[in-house]
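A.B. asks: prediction below, plus the sequence it came from.
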Amino acid sequence: MNKTRKNIGVIDRISQFIFLTCALVSVIAVISITAFIFFKGIQPFIKGNIEGNYSIVKFLTGDMWKPSQNIYGIGYMIVASVFATIGALFIGVPISLFTAVYISKFARKKIAIMLRTVIELLASIPSVLFGVFGYTVIVSLVRIISPFQVGDSLLSVIIVLSIMILPTIVSISESAISAVPKSYIEASYGLGATKTETVFKIILPAAKSGIFSAIVLGIGRAIGETMAVILVAGNPEQNFPTSLFDKVRLITNNIVLEQGYASGLHEEMLFATGAVLFIFIIIVNLILLKIRKGSDNYAK
Amino acid sequence: MQNKRKKKEMIIQLIIKISTLIAVLLLSSITIFIVKNGYKKINLDYFTSDYNDKTVYVDVENNHTSEHYDISETDDIFIDEWGVGISKLNDDSNYYISYLAKNSIFENGVDLKNEPFKIKVGDIIKKIDKVNIADLKNKDIENMFRDNNLELKITRNGGGIYPMLISTLMLIFLSLIITIPIGVGAAIYLVEYAKIGKLVNIIRFATESLAGIPSIVYGLFGMILFVKFLGIGQSILSGSLTLSIILLPTVIRTTEETLITVPSSYKEASYALGANRLQTLVKIIIPNTISGIIIAVILSIGRIVGESAALLFTVGTFAKIPQNIFDSGTSLTVRAFMEVKEYAAVESACAMGIVLLAIVFILNISTKIIVKKLKL
């Protein structure tokens, strides 16, 4: 009797250890992803390295990327990525928020269910297909209005990204809006406010933190998006974007375009590009964490 | 005053409605665009044929075992003793196999490496015994079949997605085999074993961070660790290992959610009967989470099918059938990307897009149905 008890104790402990190991896999993964990307990416900037001695300032502010001449500047890509993301938010956020408001507060029940399903289905479209759509439809539309007769441009990137972030922002902010207590809304109506006044003065402020996390998630998606924008960006080797119709190369595009054949310093520079992207993502995630923590405290 | 307020109300409501319309139109126009541009290529052959054209030299031998074949009347040329019908293609001068009788000798061909090669209906015959037959008359071709031994130059048209389907299936199976046990184990630890504390916070933070990393970063990581550092090379295995990390947060979260819903009375009843923790886990808790695991599997498949940036450098871009998990291949998404990027072949990409859309939509709807059924 005692012996079996003991055995069971041992088995229990072993199984617990196995489950713990499983749980630690994500921790190990995060650490090793960070370590590998940053370790590889920092090599070119360490003095005394065989391949390195590149100035990190030149790398981060440079306006030219020509691996054949050993010129590696990604300043113009960082600017393009930031512009593209801001532009996508500019178009995507109002449309998404209004759509979310419509679904949760204006639409009849059946239509709301239908719209939710449509948005959910569309959220699952692989990003490559957005790229194919952008490459064919949006680029040729932009070409018509562009002064340079070229469709590959910052504007095309912005449009493709704003479509891509729609489903994310709509579905998350819609659930935040639906979670606003009914009593708030009734109180507002009771004071004689109209429907839209209630929406803008009561519902949206009350759903603030949910909406913010939706937007931040949208930013994360926009900054990290690669395969769709690469097909509409034009990917030039130099120059800061000065207008909406300029061709742009985003940080993510740079990696995909050249990782296939890069080696040595060139490859390390691509990892450095990846590290810059990673820093952006970390910032986005920290903001997200802060918003969520803030809303938790608020709820308490 | 009152009038102004009413007007404002109406305008804002209109803006809200128009925005919704724009959102829905934009998103559905993508689906319509993909279907409209790609549907012409979709047929049964599209799923079963190779991506690249293939040319093979095949030896066929007739032993005159006096087998009688069913006769076909519709072909340009029909050769009794071989049980084969040959016709001319409409728009060019090539001859193709338009009919094969049951057990035709053509099904027992042998290629140059002496491996069996089964000729199929639709294969194009370029040469017979080193003679170009495109310019010959039907009668001359018939005469050539008097020989008992023929060497045929056969071209099989590609354009299909069979290699990508196989690669994708291999990726799905391998990634799930790796990620499901780990993800479910992690969820069990978090819900059943862990005490609230620093370690749990770290694990949760790590899992959430994984979910936020863009797939291109995973692609870089997979390439440097699995492809280069561990020396696995561009292969299904490298791709699956990369994918399994991407999938972990989804699997953990989904399983956790169902684990939490298992009523504590079940566990207490099990403990009261003298079962220990592991027995309770295996006999009571896990059977109650099967639905969650199924949903995790479906969500994972959806993610794998739609993934591209992480696979580009870990699995490869060349459309070939991987012989084993250490061989390279390519997924539908990556191939669709390459079609547009390298060849501006929008139609081809859209045809692959239709297949992708069909898969993700079906998966999405089936998740919904399962979730709904379970709640009832």
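C.D. replies: Received it, and whenever you're ready, just let me know what you need. Since this is a predicted model, take the numbers as computed values, not measurements.

A.B. asks: domain parsing for chain B?
C.D. replies: When chain B is parsed into structural domains using automatic domain parsing, the resulting residue ranges are B:52-156, B:162-375.

A.B. asks: need the winner for burial among these.
C.D. replies: Mean neighbour count, computed with mean count of other CB atoms under 10 Å in any protein chain shown, is highest for domain B:162-375 among the domains of chain B, reaching a mean of 20. Glycine gets a C-beta too; all of them are placed from N, C-alpha and C.

A.B. asks: which residues sit in contact with residue 158?
C.D. replies: Assuming you mean chain A. A:Ile158 makes contact with A:Phe83, A:Ala84, A:Gly87, A:Ala88, A:Phe90, A:Ile91, A:Leu244 under the criterion CB atoms under 8 Å, 6 or more residues apart in numbering or on different chains.

A.B. asks: can you look at chain B instead?
C.D. replies: B:Ser49, B:Asp50, B:Tyr51, B:Asn52, B:Asp53, B:Lys54.

A.B. asks: tell me which residue in chain B sits closest to chain A.
C.D. replies: Among the residues of chain B, B:Pro214 lies closest to chain A, at 2.4 Å counting by CB to the nearest CB.

A.B. asks: lowest-confidence stretch among the domains of chain B?
C.D. replies: Per-stretch averages of pLDDT across the domains of chain B put domain B:52-156 at the bottom, with a mean of 77.

A.B. asks: gap between the two ends of that one?
C.D. replies: End-to-end distance of domain B:52-156 (CA to CA, to the nearest Å): 9 Å.

A.B. asks: what's the distance between that domain and the middle of its chain?
C.D. replies: The gap between the average C-alpha position of domain B:52-156 and the chain average comes to 33 Å, counting by CA atoms, centre = their mean, to the nearest Å.

A.B. asks: again with stretch B:193-203
C.D. replies: Its chain's C-alpha centre lies 38 Å from the corresponding centre of stretch B:193-203 when counted by CA atoms, centre = their mean.

A.B. asks: how long is that stretch end to end?
C.D. replies: Chord length of stretch B:193-203, first to last residue, is 13 Å (CA to CA).

A.B. asks: do that stretch and chain A meet?
C.D. replies: Yes: Stretch B:193-203 is in contact with chain A by CB under 8 Å from any CB of the partner chain, via B:Tyr193, B:Ala194, B:Ile202, B:Ile203.

A.B. asks: just give me the closest of those to B:Ile166.
C.D. replies: B:Ile203 (36.0 Å; CB to CB).

A.B. asks: could you show me where the strands are in the chain, in order?
C.D. replies: Since no chain was named, I'll use chain A. Using DSSP state E, the strands assigned to chain A run over residues A:65-66, A:71-72.

A.B. asks: nope, chain B
C.D. replies: In order along the chain, chain B carries the following strands (DSSP E): B:54-61, B:77-79, B:84-88, B:95-100, B:109-111, B:116-117, B:124-128, B:131-132, B:149-156.

A.B. asks: turn those into JSON lines, including distance to B:Ile252.
C.D. replies: JSON lines is the format used below for those (distance: least, CB to CB, whole Å):
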{"stretch": "strand B:54-61", "distance to B:Ile252": "44"}
{"stretch": "strand B:77-79", "distance to B:Ile252": "63"}
{"stretch": "strand B:84-88", "distance to B:Ile252": "58"}
{"stretch": "strand B:95-100", "distance to B:Ile252": "53"}
{"stretch": "strand B:109-111", "distance to B:Ile252": "49"}
{"stretch": "strand B:116-117", "distance to B:Ile252": "48"}
{"stretch": "strand B:124-128", "distance to B:Ile252": "52"}
{"stretch": "strand B:131-132", "distance to B:Ile252": "62"}
{"stretch": "strand B:149-156", "distance to B:Ile252": "45"}
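
A.B. asks: any chance of JSON lines for those, columns distance to chain A?
C.D. replies: Putting these into JSON lines (distance: least, CB to the nearest CB, whole Å) gives the following:
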{"stretch": "strand B:54-61", "distance to chain A": "26"}
{"stretch": "strand B:77-79", "distance to chain A": "43"}
{"stretch": "strand B:84-88", "distance to chain A": "36"}
{"stretch": "strand B:95-100", "distance to chain A": "32"}
{"stretch": "strand B:109-111", "distance to chain A": "33"}
{"stretch": "strand B:116-117", "distance to chain A": "34"}
{"stretch": "strand B:124-128", "distance to chain A": "31"}
{"stretch": "strand B:131-132", "distance to chain A": "39"}
{"stretch": "strand B:149-156", "distance to chain A": "28"}
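
A.B. asks: pick out whichever of the contacts of A:Ile158 sits closest to chain B.
C.D. replies: Chain B lies nearest to A:Ile91 out of those, by CB to the nearest CB, at 9.8 Å.

A.B. asks: might one say that that closest one is in contact with A:Val157?
C.D. replies: No: checked against CB atoms under 8 Å, the pair A:Ile91 and A:Val157 is beyond contact range at 11.5 Å.

A.B. asks: same drill for these two, tell me which one is more crowded.
C.D. replies: A direct count of neighbours by other CB atoms under 10 Å in any protein chain shown for A:Ile91 and A:Val157 places A:Val157 higher, at 35 against 17.

A.B. asks: please name the residues that touch that one.
C.D. replies: Under the criterion of CB under 8 Å, 6+ apart, the neighbours of A:Val157 are A:Ala80, A:Ala84, A:Gly87, A:Val229, A:Val232, A:Ala233, A:Val248, A:Leu250.

A.B. asks: would you list the buried entries among those residues?
C.D. replies: Burial of the contacts of A:Val157 was assessed by neighbour count (16 or more other CB atoms under 10 Å in any protein chain shown); the buried members are A:Ala80, A:Ala84, A:Gly87, A:Val229, A:Val232, A:Ala233, A:Val248, A:Leu250.

A.B. asks: for B:Pro263, see how far away the third one is.
C.D. replies: By that I understand A:Gly87. A:Gly87 sits 50 Å away from B:Pro263 when distances are taken as CB to CB, to the nearest Å.

A.B. asks: and A:Ile46, how many neighbours does it have?
C.D. replies: A:Ile46 - counted by other CB under 10 Å - has 12 other residues nearby.

A.B. asks: er, A:Ala193 I mean
C.D. replies: Other residues within reach of A:Ala193 by the criterion other CB under 10 Å amount to 16.

A.B. asks: quick one: pLDDT of it?
C.D. replies: Among the per-residue scores, A:Ala193 shows a pLDDT of 87.

A.B. asks: distance of A:Ile28 relative to A:Leu277?
C.D. replies: When CB to CB is the yardstick, A:Ile28 and A:Leu277 sit 22 Å from each other.

A.B. asks: ok now the helix or strand of chain A with the lowest mean pLDDT, how far from the chain's centre?
C.D. replies: Of all helical and strand segments in chain A, the minimum by mean pLDDT, DSSP states H and E falls on helix A:264-299, at a mean of 83. Taking CA atoms, centre = their mean, one finds helix A:264-299 lying 10 Å from the centre of the chain it belongs to.

A.B. asks: and stretch B:330-338, by the same measure?
C.D. replies: Mean C-alpha position of stretch B:330-338 versus that of the full chain (CA atoms, centre = their mean) differs by 10 Å.
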